[in-house]
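any chance you can model this:
(chains A and B)
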Amino acid sequence: MTVIVDYDAGNLRSVERACREVGLDADITNDPGRVRGAERIIFPGVGAAGSAMRSLARSGVGAALVDAFHAGTPILGICLGLQISLDRSEENDTETLGLVSGDVRRFRLDDPSLKVPHMGWNAVNLRRPHPVLDGIQPGDEFYFVHAYRPVPANTADVIAESTYEGVFCSVLGRDNYVATQFHPEKSGRVGLRLLERFAAWNGRVDA
Amino acid sequence: MLSKRLIACLDVRDGHLAKSVKFVDTKNIGDPVAKAREYYADGLDELVFYDITASSEGRRIILDVVEAVAEQVFIPLSVGGGVASVADATDLRLAGAEKINVNSAAVRRPALIAECAEAIGGQNVVLSMDIRRIEPNEAMPSGYEIVINGGRKPMGIDALAWALEGERLGAGELVVNSIDADGTRAGYELELTCMLAEAVRIPVIASGGAGEPAHLYDVLTKGRADAALVASMVHYGDYTVSGLKRYLDGRGVKMRMSW
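Numbers count the residues shown, from 1 in each chain, chains lettered A, B, ... in the order given. Coordinates of the predicted model:
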């Protein structure tokens, strides 16, 4: 069974609807046992890192996610889900899950013509092949809403990049974990295709 | 870099698509769910529903419309019309709207913006402003006044001051509706849009007055808008969503061109 992790971080119904559209039946849950036992996991979220981490600690779902990651379960992080998979976030100065080394920093936006947050459609450029992003064409755009950007410590974990105030990592991945800063569930057909490929992914990047 | 957005606005009255001229003479022009699907397939970047029925019966209908659209349309959905409480916003979010537009109720009680931002995230709270041009005066030096209740009630509030206050209270985006331009097809109010876009750090959506593709080009360049909202231009079949995007792309405006 696929689970969508619920940790009081935003409305998960749109992720559930998009999954259903691509034939992926997914249950929304905040039960650590179900997260550990899931066949695959979607870890979405909008909101702030601090309250998200408190909720994950309280429910025990944070520890369950770390266990599932080490057990090889395919996991897709989305937006805040991506951000709290790194070691640390500038947002609320928070220690985060540490599935992938690196941190999360606020856009500086010294250029007054840049709006905050980074909201809208932007191109995603692949830096290395990944089964979940297979078939994405140069110029394909996805829908973003965020004020902080992920900075993985190892370039090997950067799967794709986008440009706003500068170039930033918009998809990262390590082993059976892959995560998008954008919202595939709100990115039209290219987003649905990404979810469809995640639904078929065995969690391996070498295959 | 970010693309400019083309947004289609569907005014929904009693479950039907409606279109007004200068906020009056509303006519029914079709099924909003079918229109939403058509525009989505043709590359629309974002969809807005305005519920122009104030009745409680109408409220249930808009929730049904949003729910039906959210099942089939996978781009951001924004909904407004009569949102007066966090509970209204939450109901619409559960039905499938990402963004919630607040308008008259926020003018009457500005704390509504902060309450909604706290509950659903500021990036999802859109402050929609209905604005008319006036002679500048001491109370309203910008020369633009906020009007509420579907364009019927002038409030004596300066539009620029209200935009800044909305941003301060946590709104994530502004919709600038020009009452003078609405439904005229004579072009967006460029001066107003530019003034507000330069004053705030949140995205600005221009609304009201689009009649031909050059109007969109003007408001996204000279008007400095981040997004252009259209209604009549596409509802009556004079232009298509993809045709408008190709035109803008051809004139050098950064648009999302594959979908």
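
distance check, residue B:71 against residue A:75.
Distance, residue B:71 to residue A:75, by CB to CB, to the nearest Å: 26 Å. No exception for glycine: its C-beta is placed from N, CA and C like everyone else's.

do residue A:125 as well
Distance, residue A:125 to residue A:75, by CB to CB: 23 Å.

higher neighbour count, these two?
residue A:75 (26 against 15; other CB atoms under 10 Å in any protein chain shown).

for that one, list each beta-bridge partner.
residue A:41, residue A:177 (DSSP bridges).

list the buried residues for stretch A:90-109?
The neighbour-count criterion (16 or more other CB atoms under 10 Å in any protein chain shown) identifies A:91, A:94, A:96, A:97, A:99, A:100, A:102, A:103, A:104, A:107, A:109 as the buried residues of stretch A:90-109.

try stretch A:188-202
Going by 16+ other CB under 10 Å, stretch A:188-202 has these buried residues: A:188-199, A:201.

thinking again about what came up before, okay, the buried residues of stretch A:90-109 in JSON lines with distance to chain B and pLDDT next?
Formatted as JSON lines, the buried residues of stretch A:90-109 follow (distance: CB to the nearest CB, whole Å; pLDDT from 0 to 100):
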{"residue": "A:91", "distance to chain B": "13", "pLDDT": "92"}
{"residue": "A:94", "distance to chain B": "17", "pLDDT": "94"}
{"residue": "A:96", "distance to chain B": "19", "pLDDT": "97"}
{"residue": "A:97", "distance to chain B": "21", "pLDDT": "97"}
{"residue": "A:99", "distance to chain B": "24", "pLDDT": "97"}
{"residue": "A:100", "distance to chain B": "24", "pLDDT": "97"}
{"residue": "A:102", "distance to chain B": "23", "pLDDT": "98"}
{"residue": "A:103", "distance to chain B": "22", "pLDDT": "97"}
{"residue": "A:104", "distance to chain B": "16", "pLDDT": "97"}
{"residue": "A:107", "distance to chain B": "11", "pLDDT": "92"}
{"residue": "A:109", "distance to chain B": "8", "pLDDT": "85"}
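
just those: which are in helices?
Judged by DSSP state H, the subset of these located in helices is empty.

the longest strand anywhere in chain A pairs with which strands?
Looking across chain A with DSSP state E, the single longest strand is strand A:167-174. If you go by DSSP bridges, strand A:167-174 pairs up with strand A:158-163 (antiparallel), strand A:177-180 (antiparallel).

highest mean neighbour count out of those?
For the strands paired with strand A:167-174, the largest average neighbour count (mean count of other CB atoms under 10 Å in any protein chain shown) is found in strand A:177-180, namely a mean of 26.

helix or strand next in line after it, which one?
For strand A:177-180, the following helix or strand on the C-terminal side (DSSP states H and E) is helix A:188-200.

list of residues touching that next one?
For helix A:188-200, the external contacting residues (CB atoms under 8 Å, 6 or more residues apart in numbering or on different chains) are A:2, A:18-19, A:21-24, A:40, A:42, A:74, A:76, A:131-136, A:140-143, A:178, A:180, A:182-185, A:187, B:40, B:74-75, B:258-259.

what residues of stretch A:115-131 count as buried?
Residues A:115, A:117, A:118, A:119, A:120, A:121, A:122, A:123, A:124, A:126, A:130, A:131 are the ones in stretch A:115-131 that count as buried (16+ other CB under 10 Å).

that older thread, can you lay out the strands paired with strand A:167-174 as CSV showing mean pLDDT?
Shown next, in CSV, are the strands paired with strand A:167-174 (pLDDT from 0 to 100):
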stretch, mean pLDDT
strand A:158-163, 97
strand A:177-180, 98
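
how about a markdown table for the ones you listed, with distance to residue B:91 added?
Below are the strands paired with strand A:167-174 laid out as a markdown table (distance: least, CB to CB, whole Å):
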| stretch | distance to residue B:91 |
| --- | --- |
| strand A:158-163 | 34 |
| strand A:177-180 | 28 |
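
and of those, who's closest to residue B:129?
Proximity to residue B:129 (CB to CB) singles out strand A:158-163 among those, at 30.7 Å.

residues contacting that closest one, please?
A:122-128, A:130, A:133, A:136, A:144, A:152, A:167-173, A:178, A:181-182, B:1.

what is the burial count for the residue lying closest to residue A:96 once chain neighbours are set aside?
Spatially, and ignoring its direct neighbours in sequence, residue A:96 is nearest to residue A:84 (4.2 Å; CB to CB, 6 or more residues apart in numbering or on different chains). When counting by other CB under 10 Å, one arrives at 31 neighbours for residue A:84.

can you flag the buried ones in the contacts of helix A:188-200?
Among those, those buried by neighbour count (16+ other CB under 10 Å) are A:2, A:18-19, A:22, A:24, A:40, A:42, A:74, A:76, A:131-133, A:136, A:140-143, A:178, A:180, A:182-185, A:187, B:40, B:74-75, B:259.

just for chain A, where's the confidence low?
A:207 (pLDDT under 70).

show me which residues of it sit near chain B.
Contact residues (CB under 8 Å from any CB of the partner chain) of chain A with chain B: A:10-11, A:13-14, A:17-18, A:21, A:46-47, A:109, A:112, A:115-122, A:137, A:139-141, A:143, A:145, A:147, A:163-164, A:185-192.

show me the residues you listed that map onto strands.
Of these, the ones assigned to strands by DSSP E are A:118, A:119, A:120, A:121, A:122, A:141, A:143, A:145, A:163.

so who does the residue nearest to the second one when sequence neighbours are not counted touch?
Ranked by CB to CB, 6+ apart and with sequence neighbours excluded, the top spatial neighbour of residue A:119 is residue A:145, at 4.8 Å. When the contact criterion is CB under 8 Å, 6+ apart, the partners of residue A:145 are A:46, A:79, A:117, A:118, A:119, A:183, B:123.

any regions of chain B where pLDDT drops low?
If you take pLDDT under 70 as the line, chain B has these spans: B:19-29, B:54-58.

contact partners for the residue nearest the centre of it?
When CA atoms, centre = their mean is applied to chain B, the residue found nearest the centroid is residue B:175 (4.9 Å). Under the criterion of CB under 8 Å, 6+ apart, the neighbours of residue B:175 are B:48, B:101, B:126, B:127, B:128, B:129, B:204, B:205, B:207, B:229.

with residue A:187 instead?
By CB under 8 Å, 6+ apart, the residues touching residue A:187 are A:121, A:141, A:142, A:143, A:194, B:74, B:75.

number of nearby residues for residue B:36?
When neighbours are defined as other CB under 10 Å, residue B:36 has 25 of them.

check contacts around it.
Residue B:36 sits next to B:10, B:47, B:69, B:72, B:73 when contact means CB under 8 Å, 6+ apart.

again, but for residue B:255
With contact taken as CB under 8 Å, 6+ apart, residue B:255 is in contact with B:3, B:4, B:6, B:245, B:248, B:249.

quick check: beta-bridge partners of it?
Beta-bridge partners of residue B:255, counted by DSSP bridges, are residue B:4.
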